[in-house]
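Colleague: here is my input; please provide its structure:
(chains A, B and C)
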Amino acid sequence: MANVLRNSAKFGFSAGVLSQLSIHSRHGRECVSPCFSLQQRNNSTSPKIKVDLDNSTGVAVLRMQSPPVNSLSLDFLTEFCINLEKLEMDKSCRGLIITSTLSKVFSAGLDIMEMYGKSPERCGEFWKAVQEMWLKLYGSNMATIAAINGSSPAGGCLMSIGCDYRIMADNPRYSIGLNETQLGIVAPFWFKDTLVNTVGNRAAELSLELGLLYSAPDALKIGLVDQLVPEDQVLSTAQDTMSKWLAVPDHARQITKSMMRKQTIDKLLSNREADITNFVSFITKDSIQRSLRMYLEMLKSRKA
Amino acid sequence: MANVLRNSAKFGFSAGVLSQLSIHSRHGRECVSPCFSLQQRNNSTSPKIKVDLDNSTGVAVLRMQSPPVNSLSLDFLTEFCINLEKLEMDKSCRGLIITSTLSKVFSAGLDIMEMYGKSPERCGEFWKAVQEMWLKLYGSNMATIAAINGSSPAGGCLMSIGCDYRIMADNPRYSIGLNETQLGIVAPFWFKDTLVNTVGNRAAELSLELGLLYSAPDALKIGLVDQLVPEDQVLSTAQDTMSKWLAVPDHARQITKSMMRKQTIDKLLSNREADITNFVSFITKDSIQRSLRMYLEMLKSRKA
Amino acid sequence: MANVLRNSAKFGFSAGVLSQLSIHSRHGRECVSPCFSLQQRNNSTSPKIKVDLDNSTGVAVLRMQSPPVNSLSLDFLTEFCINLEKLEMDKSCRGLIITSTLSKVFSAGLDIMEMYGKSPERCGEFWKAVQEMWLKLYGSNMATIAAINGSSPAGGCLMSIGCDYRIMADNPRYSIGLNETQLGIVAPFWFKDTLVNTVGNRAAELSLELGLLYSAPDALKIGLVDQLVPEDQVLSTAQDTMSKWLAVPDHARQITKSMMRKQTIDKLLSNREADITNFVSFITKDSIQRSLRMYLEMLKSRKA
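Modeller: Below you'll find the model as predicted:
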């Protein structure tokens, strides 16, 4: 962990939210919005997620295919959870690999449009879906591997650390991290708990207080990802690794996984409503809504 | 921790229990049964453990000398605990070094014969002895050093991480780890807690879910052992290191050790009966007994 | 962490308290008393602490200037806490850098004279001030950086790990650590909790049981400090680093910091009186007072 702060080229702090993206592009990082993302509304009914289950191996590949950046909208999360639930109940499926069909991005995180100008009820519904995604993933009986073939900030990082194992494309332009504080918001306690479980208390503290995004090599150094491979080998390596996970008797692996994660999961389960209330009251504040609007306008102007 | 999974030559997963050993030998690892061990029954009354206390230094060396692999049978554990208790009460003894007289093996872990075809009462008695060994070791007032001069899977690993410091022979053919899941069984919560205390949450999670055995160099990398030295210097280095531990005033060291470990110990103490019940009901299951029989037959056929 | 114990030149254990300092100097470490320090009594009313707040940046630099070794006496701690409180309430101050004006020493820790031959009441008052220093620092709303430009044993180390970030002079003769057990005393639970939060459970266990002092390079290796820089750049690097911390929106950073540290702080808050009682009954013991007197006489004879 030492030196991460000092050497971090990506460590582009700015005085406010507005300069965030420009700083990131200044450093040559891929210009995925680093925390919230703005999805183009196309009202398409085409699925945002594609699942292929190989019955011979028992391994499902879940591909996120919602351009431009696999934003985690309410629709996306609902579709994600339905697919996860189906696989969970399918006895022939023992392993799950999550990846993206998009170039340069795994997932850019929570969809800003779900939080801007929405009713408290809608915001609450959205947040419940975010919780559901994490609960299903972190507590899955399947062996789960994130094949991170692009940048994965904020919600994308949460999805990654919800898996059992993380393989990332060895590309320093891709970044991953829980960078919420950079935008003036706060990762809730269960994001924090999951990160602490993954990289330890001190790396999590630095990471969350500063809202750090780690390049793929730096993410490997602090243990935020487990392995880097060339970009075109991310999925195949995930498949190879999965066969090792599935060589372990399911029952023993599942009980062990539950023993490791149950306490963290139970903490959210017993505080779920309070966590939703907290999120809604925070995100609907005038000051936060103003920040989101400015952020949104900047994203739009950058596209123009 | 990164790369451990990928580069791990020992990472010989197999679809079931039966191919376990052959895979291990395929990779050139010493063929110690990796989790449970089959002790030759010789009904010998010769002691399985030899203790030498040097009154001038206050350091006892406890040698495990139960061929072929220092299996932790009920008899072995009982003898071990009696010796530990004697030393604990002997005011002239301040430090304990645990090592093995056998070639290539520290301890191969719990004796499979104590779990196969035994009555629930006997299984419970056995498990209580396993608990007792760990409670006495992890909470010892003595400074304790494991001089790991051979492979140390499962119960052998538990004994090692129950000490204050671990010095291992620098031989990549020797391995150490809590590999229970590989055999379809589950390390109980206090094995897990001790491992988390030693290597951190994430390394413990990977390690336990996959039932990883680490070569000595890999064990050093994740902090499962503290130091590697040439095989013929393991004991002498342990003696040198012990003199540094004993230079610290006993009282301050003991209070500090208790502060670090009390919570973990209390958790077992207040769940001891439930933990025994869990073990007995699990190990006496038909499916588990079948697995143990197959494993046992394989061990026998390998010897033939 | 591996190898720290073995390679540690500073690892100068001795059978008792008396040889402590001589051993340290034998190894070429700066001869700061490694745990308690003896302050020359000059009854000076000159401030022991100097604070400069730059209103343009919102960054205060707190300089400890109490020769010879910035001992943490009751007067010193009181002045420190008053200054901290003022800055905390000053809305224009967002960041705090703590450093020393003295050559070779950041702070040598708790002042032995506050613990030797004092009434229980006075000892209790002193300990309450030590608690207060840590509570104010570890829970500060300001971004806090320790610019460690010299040795920092015991209480000096506690002050350092109470900050958000640690930059140390890259000088192997400077050491840092919670070395209480070496003197026969015990770091209380909240020292321990803070250390575990910083370097993890196992490094903290080794560190506290052996009372290890780490050279600056070794401290970096285990994560006890975050960064080493040449001695003359410690303060300027702290200033640069602070600007990055202050680029994060205060509110989000503060809530995140509280989320990370609240549990540890609450533990002391709800055990504060018991912790004082413990300290007083321990330090006023005859055996401990005898040790302190011997230690004191040795310090005096060394000066002569």
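
Colleague: quick one: the one helix or strand residue A:205 maps to to helix B:201-210, angle?
Modeller: Assessed by DSSP states H and E, residue A:205 sits inside helix A:201-210. Relative orientation of helix A:201-210 versus helix B:201-210 (axes from the mean of the first three to the mean of the last three CA atoms, to 10 degrees): 120 degrees.

Colleague: could I get the full set of helices for the stretch 201-304 of chain A?
Modeller: A:201-210, A:216-222, A:234-246, A:250-269, A:272-283, A:286-303 (DSSP state H, counting those that start in this stretch).

Colleague: stretch A:168-187 and chain B in contact?
Modeller: No: shown here: stretch A:168-187 not in contact with chain B (CB under 8 Å from any CB of the partner chain), separated by at least 10.7 Å. Where you see a C-beta, it was placed from the backbone N, CA and C, and this is true even at glycine.

Colleague: three-state assignment of residue A:63?
Modeller: Here residue A:63 takes the strand state, with states given by DSSP: H, G, I helix; E, B strand; the rest coil.

Colleague: that one reaches residue A:49, doesn't it?
Modeller: Yes: counting by CB atoms under 8 Å, residue A:63 does reach residue A:49; the two are 6.9 Å apart.

Colleague: counting by contacts, list what the helix holding residue A:205 packs against.
Modeller: When contacts are defined as 3 or more CB pairs under 8 Å, 6 or more residues apart in numbering or on different chains; DSSP states H and E, helix A:201-210 sits against helix A:4-7, helix A:189-199, helix C:189-199, helix C:234-246, helix C:250-269.

Colleague: buried ones in the third one?
Modeller: When burial is assessed from 16 or more other CB atoms under 10 Å in any protein chain shown, helix C:189-199 yields the following buried residues: C:190-199.

Colleague: what is the burial count for residue A:226?
Modeller: 25 (other CB atoms under 10 Å in any protein chain shown).

Colleague: chain neighbours aside, what residue packs nearest to it?
Modeller: In space, and not counting its chain neighbours, residue A:226 is closest to residue A:166: 5.0 Å by CB to CB, 6 or more residues apart in numbering or on different chains.

Colleague: count of neighbours near that neighbour?
Modeller: 26.

Colleague: right, and it touches residue A:152 too?
Modeller: No: using CB under 8 Å, residue A:166 makes no contact with residue A:152, being 9.2 Å away.

Colleague: give me the common contacts of the two.
Modeller: Common neighbours of residue A:166 and residue A:152 (criterion: CB atoms under 8 Å, 6 or more residues apart in numbering or on different chains): residue A:160.

Colleague: OK, contacts around the nearest residue to residue A:250 once chain neighbours are set aside?
Modeller: Computed as CB to CB, 6+ apart, the closest residue to residue A:250 that is not its neighbour in sequence is residue A:94, at 6.1 Å. Residues in contact with residue A:94 (CB under 8 Å, 6+ apart) are A:58-59, A:142-143, A:246, A:250.

Colleague: farthest-separated two in the residues you listed?
Modeller: The distance between the two most remote of the contacts of residue A:94 (CB to CB) is 13.0 Å, for A:59 and A:250.

Colleague: show me the shaky parts of the stretch 201-304 of chain A.
Modeller: For the stretch 201-304 of chain A, applying pLDDT under 70 flags the ranges A:304.

Colleague: what is the burial count for the one residue in it that gets nearest to chain B?
Modeller: Residue of the stretch 201-304 of chain A nearest chain B, by CB to the nearest CB: residue A:247 (3.0 Å). Using other CB under 10 Å, residue A:247 is surrounded by 19 other residues.

Colleague: save the buried residues of helix C:189-199 as TSV, and put in pLDDT too.
Modeller: Below are those laid out as TSV (pLDDT from 0 to 100):
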residue	pLDDT
C:190	98
C:191	98
C:192	98
C:193	98
C:194	98
C:195	98
C:196	98
C:197	98
C:198	98
C:199	98
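
Colleague: so which of these reach chain B?
Modeller: Applying CB under 8 Å from any CB, the subset of the buried residues of helix C:189-199 adjacent to chain B comprises residue C:192.

Colleague: nearest to residue B:90 among the buried residues of helix C:189-199?
Modeller: Residue B:90 has its nearest neighbour among the buried residues of helix C:189-199 in residue C:192, at 29.2 Å by CB to CB.

Colleague: now do stretch A:206-219: distance from first to last residue.
Modeller: Start-to-end span of stretch A:206-219 (CA to CA, to the nearest Å) is 13 Å.

Colleague: repeat that for stretch A:168-179.
Modeller: End residues of stretch A:168-179 are separated by 18 Å (CA to CA).

Colleague: tell me the residues of chain A that contact chain B?
Modeller: Residues of chain A lying close to chain B (CB under 8 Å from any CB) are A:164-165, A:196-200, A:220-221, A:223, A:225-227, A:241, A:243-245, A:247-249, A:251-253, A:255-257, A:259-260.

Colleague: just the buried residues of these.
Modeller: Buried subset of those (neighbour count, 16+ other CB under 10 Å): A:164-165, A:196-200, A:220-221, A:223, A:225-227, A:241, A:244-245, A:247-249, A:252-253, A:255-257, A:259-260.

Colleague: residue A:265 and residue A:137 touch, don't they?
Modeller: No: at 10.5 Å, residue A:265 and residue A:137 do not qualify as touching, with contact defined as CB under 8 Å.

Colleague: relative to chain C, how far out is the residue nearest to residue A:212 when sequence neighbours are not counted?
Modeller: In this structure, residue A:212 finds its nearest non-sequential neighbour in residue A:177, 5.2 Å apart by CB to CB, 6+ apart. From residue A:177 across to chain C, the span is 13 Å (CB to the nearest CB, to the nearest Å).

Colleague: residue contacts, residue A:177?
Modeller: The contact partners of residue A:177, taken as CB under 8 Å, 6+ apart, are A:153-154, A:157, A:207, A:211-214, A:219, A:224.

Colleague: make a markdown table from those residues and add neighbour count to it.
Modeller: Shown next, in a markdown table, are these (neighbours: other CB atoms under 10 Å in any protein chain shown):
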| residue | neighbour count |
| --- | --- |
| A:153 | 31 |
| A:154 | 29 |
| A:157 | 35 |
| A:207 | 28 |
| A:211 | 30 |
| A:212 | 27 |
| A:213 | 29 |
| A:214 | 27 |
| A:219 | 28 |
| A:224 | 28 |
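
Colleague: next, the angle helix C:189-199 makes with the helix holding residue A:205.
Modeller: 80 degrees.

Colleague: how far does helix A:201-210 sit from its chain's centre?
Modeller: Helix A:201-210 sits 17 Å away from the centroid of its parent chain (CA atoms, centre = their mean, to the nearest Å).

Colleague: next one: stretch A:233-242
Modeller: Taking CA atoms, centre = their mean, one finds stretch A:233-242 lying 19 Å from the centre of the chain it belongs to.

Colleague: list of residues touching it?
Modeller: With contact meaning CB under 8 Å, 6+ apart, stretch A:233-242 is reached by A:57, A:59, A:61, A:95, A:97, A:99, A:143, A:145, A:147-149, A:165, A:167-169, A:227, A:229, B:5-6.

Colleague: burial measure for residue A:266, as a count.
Modeller: 11.

Colleague: next: the one 10 residues further on.
Modeller: By the criterion of other CB under 10 Å, residue A:276 has 20 neighbours.

Colleague: now swap in residue A:263 and tell me
Modeller: Counted with other CB under 10 Å, residues neighbouring residue A:263 total 10.

Colleague: just the pLDDT for residue A:9.
Modeller: Residue A:9 is assigned a pLDDT of 24 by the prediction.

Colleague: helices of the stretch 51-200 of chain A, start to end?
Modeller: Secondary structure of the stretch 51-200 of chain A (DSSP H, counting those that start in this stretch): helices located at A:74-89, A:120-138, A:155-161, A:189-199.

Colleague: so which of these is the most packed in?
Modeller: Comparing the helices of the stretch 51-200 of chain A by mean neighbour count (mean count of other CB atoms under 10 Å in any protein chain shown), helix A:155-161 comes out on top with a mean of 28.
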